[in-house]
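**Student:** Prediction below, plus the sequence it came from.
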Amino acid sequence: MHHRFKRWRSFAGALLLLTLLVAVVAGAQSNPFPQSTLHPKGDFAQMVDKLFRTTLFWATLVFVLTEAALIFVIFKFRGKPDDAEPKQVHGNTMVEVIWTAIPALVLAMIAVPTVRTIFRTYEIPKGDGVLQVEVIGHQWWWEFRYPELGLTTANELHVPVGRTVALKMVTQDVLHSFWIPQLAAKRDIFTNRSTTLWFKAEEAGDYPGQCAEFCGLEHARMAFQVIAEAPDAFDSYVSRMQATGVRAAEPVVGSTASATPVRVAAMVQADPDTLIGAQLFMTKGCVGCHSLDATKPMGIGPNLAGIGTRRYIAAGWLEDTDANLSRWIQDPQVVKPGVMMPDLGVTEAEAQALVAYLRQH
Amino acid sequence: MATSVLDHAGAVGIHAEKTGLWAWITTVDHKKIGILYGASAFIFFLIGGLEALIIRWQLMKPDNNFVTPEFYNQLFTMHGTTMIFLAVMPLSAMFFNFFIPLLIGARDVAFPRLNAFSFWVFLFGGLFLNSSFLFNAAPNGGWFGYANLSSKQYSPGLNMDFWAMGLQILGIASLAAGVNFFVTILNMRAPGMKLIRMPMFVWMSFITQLLVLLSFPVITVALILLMFDRLFGTNFFVPAGGGDTILWQHLFWVFGHPEVYILILPAFGIISEVLPVFSRKPLFGYTAMVFSGCFIAFLGFGVWSHHMFSTGMGPIADSVFSLATMLIAIPTGVKVFNWMGTTWGGSIQMKTPMYFALGFIAMFIMGGLSGVMHSSAPADLQQTDTYFVVAHFHYVLFGGSIFALVSGAYYWWPKMFGHMLDEGLGKVHFWLMLIGFNLTFFPMHIVGLEGMPRRVYTYPAGLGFESLNRLETIGSLILGFSFLVFIFNVIKSALSKVPAPADPWNGATLEWSIPSPPQEFNFPSIPTVHGRDPFWEEKRARGGKLPEPARVSGAGIHLPDPSYWPFLAAVGVLLLFIALMHHDSKFGPAYIFAAVSVLFFSIFNWVFEPFHEG
């Protein structure tokens, strides 16, 4: 009797632990998870989520039944060393056929929607209404191009709500994987072939995503944002970006010695810091890799048109504050070791001027 | 060769129990080699565990900088490589070595010197890989070494050379052992032990060797191509030179998926030995267990691309690989249900090995079901490369393989070392391990679904990953501590030496019929087998418990001679790969020539080594 009590006590202890675990888990779930796969806000992600929930249902059901049976067996058939030898059973064909057939039926419940969904994932949307976007992966940042709009940007992809976006993706260097959990899912990208993914954002919002295929030193810091906005907000974003090209095309005053152009438009409204920043952008060599013109892709470093209003810098993880931007310009190898941007010997004051200049873009 | 009685006595003298370093280096005794495998693999397991604990410490809080990004990438690469090739595989090899001959009633393996060679090559391969830490050049491209990140252009250091060559060395060891056990099981069984009477551990080991023999050549070829790319400038995986990065993925996973079964099938075998003994009831559905194992192995070669759903192979390929993967759940389910059928109606004896065996079933169910969840290709497009997958394969490889290996260790410890492990400490070990394991790995399911990718050295605050990661780190400390309890148990038991009887658990198989630890020749006379549970049957026939078997002199029993040539040949293999690392130095060709000379010289002498008795 005492023995049995002890056994139940240890069982109750195990149950309590399990409950605690579930409580912790449930508590954690009330936190916001902006990169979650479980709260889909795009049609592709919703389609995947529906399938996930089907598999989760069957897996949970089988889990609960088998674990319960296991626990039952342990308590029901527990013996003592001096008990008589139990009946020697070698098998039972009927039982074995049944427990081969039932899993097969459960799998069929998963297999049918799986195959149906697989074919849907490959139905690449076509037509005039579809917004085409080219994604180019770099160690360790993302380049986005809108071929129809003639625009290039980096690490922040703006899309209109309610319009299907078709992504065509390649990498510039090693393999990456484009993953935007709330809107679509993930797709690996390669050098010698392009891969595709598509989604339609159902709700406006900022959706974080990141590279999901290990791509070297700073794989952890290769994130991006998808900004889904109302169609008119997206249109005004597009005109703003296209304007960076118009501004760049305006007549320029060159400091003829170095043949580095400084834009009139920028100079007219600029404070002294901005002017200095504009010159530093040339003399420090930033211009060698970074374009400030969204209509002119450069492809070495991220296109910086619109950097003044981006949420994050350094590929989607460092908040775009003046302090962070200044630190990044001064010490890129400390902020994100191994990144391609070299240490350019920019002083604190110079960095401030550069920040002021970049904020104009 | 004729020998006099006197010569023969001398020959027996050679086989007298010997200790000391030289005896271990020259041993060809499968039991000693088994212990060598176990001891080395356990040390590598602790190293891999330490790497895991550093990883967990780094991920305990967001934006942590406990380790540098470079060191973190080395850590997770070496953790995976170590646990798979240097811990779980050789821990299984410990049981293959020690117990396959005992379970089939043989005196040794088919090729005892090849067996010694396998061990030394494995050990040198492990040391070679880990020596990279000394040069601050530990592999850093993941245990899967995806092209083209592993190319010279994107990994210019020695890191991935260490990886490619280290795995190549380990592959030689695995292939040699695979041939050896395959032949041993086919040819060395005692009279009456038909294939369909073999203990389930032997069956699962047999299938495992088949998987090794068919899958390791694939990774060998892939690694040779990679080595040529890196050392000699070929372009097999370099897109700019017309190579293909996805070719690597196919080659790697054609090996990599069967490898998963190489890691888990021996565990299935161990569990299938432990459950009947501690339920006092034969294995339920023996034939179904054999065929489900064969079916799993067969299907295991047809599902590799489920590791590649996110590459976008097209709807037909995705569907085929999804369905084939789901199919594997059926024979796996049969195994789980048959294990439960074994315990059903039994008289369950709750000893430590049984705790771990039942823990194995409970945890493996979880890992199997999450596996079914990402067999569904579209669902996997969200799950792959996230912590959900990390959770899944730890439930399979830790909750599965490690729980089973620990169960096997507690079960067979008395036979291997002749003394019992402490039951109380064993149960403390179990509960700490079960709790620590679930605290570490269960939250990973959730944090993965909530968007945390794998192989990231850190994560920013604000994505909701903080609290679960903290919980996982706490769990990992408990898990690590549980193995300290195990080590304490081993030391305490070794000191107190509670002598183990020959048959402490009322075992069903032949190893329990001989003294603990077994004498060098295992069986004074080769037993004749009449059924599936030969020792149970013998005990029944002879009216219950048998007297302790006596230790006998073993005079006149032929055993293979000790030899140092396998050790030297293994040194030659090691030297060859070290020389290849220096192939472009001034004396590179000379180094390679010297290493090849050592290797050939050793193999030559090994082949023509004279027998001491004939």
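**Tutor:** Sure, I can see it. Because the structure is a prediction, the values reported are computed rather than measured.

**Student:** Quick check: residues of the stretch 151-300 of chain A near chain B?
**Tutor:** Residues of the stretch 151-300 of chain A lying close to chain B by CB under 8 Å from any CB of the partner chain are A:173-175, A:177, A:179, A:181, A:185-188, A:190-192, A:195-196, A:208, A:210-220, A:223. Bear in mind the C-beta positions are built from the backbone N, C-alpha and C, glycine included.

**Student:** From those, list the buried ones, please.
**Tutor:** Buried by 16 or more other CB atoms under 10 Å in any protein chain shown: A:173-175, A:177, A:179, A:181, A:185-188, A:190-191, A:195, A:208, A:210-220, A:223, out of these.

**Student:** Just the ones in strands from those, please.
**Tutor:** A:177, A:179, A:186-188, A:195, A:208, A:210-211, A:223 (DSSP state E).

**Student:** Which of the helices or strands spans the residue nearest to residue B:165 when sequence neighbours are not counted?
**Tutor:** Leaving aside its sequence neighbours, residue B:165 sits nearest to residue B:577 (CB to CB, 6 or more residues apart in numbering or on different chains; 4.6 Å). Using DSSP states H and E, the element containing residue B:577 is helix B:565-581.

**Student:** After that helix, which helix or strand is next?
**Tutor:** The element immediately downstream of helix B:565-581 (helix or strand, assigned by DSSP H and E) is helix B:588-607.

**Student:** What is the neighbour count of the residue in the stretch 251-400 of chain B that chain A sits nearest to?
**Tutor:** The nearest approach of the stretch 251-400 of chain B to chain A comes at residue B:347, 2.9 Å away (CB to the nearest CB). By other CB atoms under 10 Å in any protein chain shown, 20 other residues sit near residue B:347.

**Student:** any idea of the pLDDT on it?
**Tutor:** What the model reports for residue B:347 is a pLDDT of 96.

**Student:** Over to the one 10 residues further on?
**Tutor:** According to the model's per-residue confidence, residue B:357 sits at a pLDDT of 98.

**Student:** Spit out the contact partners of it.
**Tutor:** Applying CB atoms under 8 Å, 6 or more residues apart in numbering or on different chains to residue B:357 gives the contacts B:270-271, B:274-275, B:278, B:403-404, B:407.

**Student:** Farthest pair within these?
**Tutor:** Maximum pairwise distance among these (CB to CB): 14.6 Å, between B:278 and B:403.

**Student:** host element of the residue nearest the centre of chain B?
**Tutor:** Geometric centre of chain B, nearest residue: residue B:89, 1.5 Å, by CA atoms, centre = their mean. Element membership of residue B:89, judged by DSSP H and E, is helix B:89-103.

**Student:** related to what we said a few turns ago, put the alpha carbons of the helix holding residue B:577 into PDB.
**Tutor:** Output in PDB follows, covering the C-alpha atoms of helix B:565-581 (Å, rounded to 0.1, in the frame of the first residue of the first chain):
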ATOM      1  CA  TRP B 565      50.300  -3.300 -37.600                       C
ATOM      2  CA  PRO B 566      46.600  -2.100 -37.600                       C
ATOM      3  CA  PHE B 567      47.700   0.700 -35.200                       C
ATOM      4  CA  LEU B 568      50.600   1.600 -37.500                       C
ATOM      5  CA  ALA B 569      48.400   1.400 -40.600                       C
ATOM      6  CA  ALA B 570      46.000   3.800 -38.900                       C
ATOM      7  CA  VAL B 571      48.900   6.100 -38.100                       C
ATOM      8  CA  GLY B 572      49.700   6.000 -41.800                       C
ATOM      9  CA  VAL B 573      46.100   7.100 -42.700                       C
ATOM     10  CA  LEU B 574      46.400  10.000 -40.300                       C
ATOM     11  CA  LEU B 575      49.800  11.000 -41.700                       C
ATOM     12  CA  LEU B 576      48.400  10.900 -45.200                       C
ATOM     13  CA  PHE B 577      45.700  13.400 -44.400                       C
ATOM     14  CA  ILE B 578      48.100  15.600 -42.400                       C
ATOM     15  CA  ALA B 579      50.400  15.500 -45.400                       C
ATOM     16  CA  LEU B 580      47.500  16.500 -47.700                       C
ATOM     17  CA  MET B 581      46.900  19.500 -45.500                       C
END
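
**Student:** Just give me how far it sits from the chain centre.
**Tutor:** 23 Å (CA atoms, centre = their mean, to the nearest Å).

**Student:** Which other helices and strands does that helix contact?
**Tutor:** helix B:112-131, helix B:159-187, helix B:588-607 (3 or more CB pairs under 8 Å, 6 or more residues apart in numbering or on different chains; DSSP states H and E).

**Student:** got the angle for that helix vs helix B:112-131?
**Tutor:** If you take axes from the mean of the first three to the mean of the last three CA atoms, to 10 degrees, helix B:565-581 sits at 30 degrees to helix B:112-131.

**Student:** which residues touch the residue of the stretch 251-400 of chain B closest to chain A?
**Tutor:** By CB under 8 Å, 6+ apart, the contact set of residue B:347 is A:77, A:79-80, A:83-86, B:279-281.

**Student:** Quickly check those for the two that are furthest apart.
**Tutor:** Of all pairs drawn from those, the greatest distance, 15.1 Å, lies between A:80 and B:281 (CB to CB).

**Student:** Which residue of those two possesses the greater neighbour count?
**Tutor:** Legend: neighbour count by other CB under 10 Å for residue A:80 and residue B:281, higher for residue B:281 (25 against 10).

**Student:** Once you drop chain neighbours, what's closest to the more buried one?
**Tutor:** In space, residue B:281 is closest to residue B:346, 4.1 Å off (CB to CB, 6+ apart).

**Student:** What of residue B:562?
**Tutor:** residue B:26 (3.9 Å).

**Student:** What separation do you get for that neighbour and residue B:568?
**Tutor:** Here residue B:26 is placed at a distance of 10 Å from residue B:568 (CB to CB, to the nearest Å).

**Student:** just residue B:111 next, same as before
**Tutor:** For residue B:111, the distance to residue B:568 equals 17 Å [CB to CB].

**Student:** Could you do residue A:41 as well?
**Tutor:** From residue A:41 to residue B:568 the distance is 65 Å (CB to CB).

**Student:** List the buried residues for whichever helix in chain B runs longest?
**Tutor:** Longest helix in chain B, counting residues (DSSP state H): helix B:245-279. Neighbour counts over helix B:245-279 (16+ other CB under 10 Å) mark B:245-246, B:248-279 as buried.

**Student:** That one to helix B:89-103, inter-axis angle?
**Tutor:** Here the directions of helix B:245-279 and helix B:89-103 differ by 40 degrees (the same axes, to 10 degrees).

**Student:** The very next helix or strand once past helix B:245-279 near chain A at all?
**Tutor:** Where DSSP H and E defines the elements, the next helix or strand beyond helix B:245-279 is helix B:286-300. Yes - judged by CB under 8 Å from any CB, helix B:286-300 and chain A are in contact via B:286-288.

**Student:** Also compute the angle for helix B:286-300 relative to helix B:245-279, please.
**Tutor:** Here helix B:286-300 runs at an angle of 170 degrees relative to helix B:245-279 (the same axes, to 10 degrees).

**Student:** so after helix B:286-300, what's the next helix or strand?
**Tutor:** Downstream of helix B:286-300, the first helix or strand assigned by DSSP H and E is helix B:315-343.

**Student:** right, and residue B:417 touches residue B:490 too?
**Tutor:** No - the pair residue B:417 / residue B:490 is not scored as a contact, 9.1 Å apart, by CB atoms under 8 Å.

**Student:** List the buried residues of stretch B:446-453.
**Tutor:** B:446-453.

**Student:** Which of the contacts of residue B:347 are buried? Put it as a ChimeraX command.
**Tutor:** In ChimeraX syntax, the buried subset of the contacts of residue B:347 is picked out as below (16+ other CB under 10 Å):
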select /A:77,79,86 /B:279,280,281
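
**Student:** Find the least confident helix or strand in chain B, judged by mean pLDDT.
**Tutor:** Within chain B, no helix or strand scores below helix B:5-14, which has a mean of 40 by mean pLDDT, DSSP states H and E.
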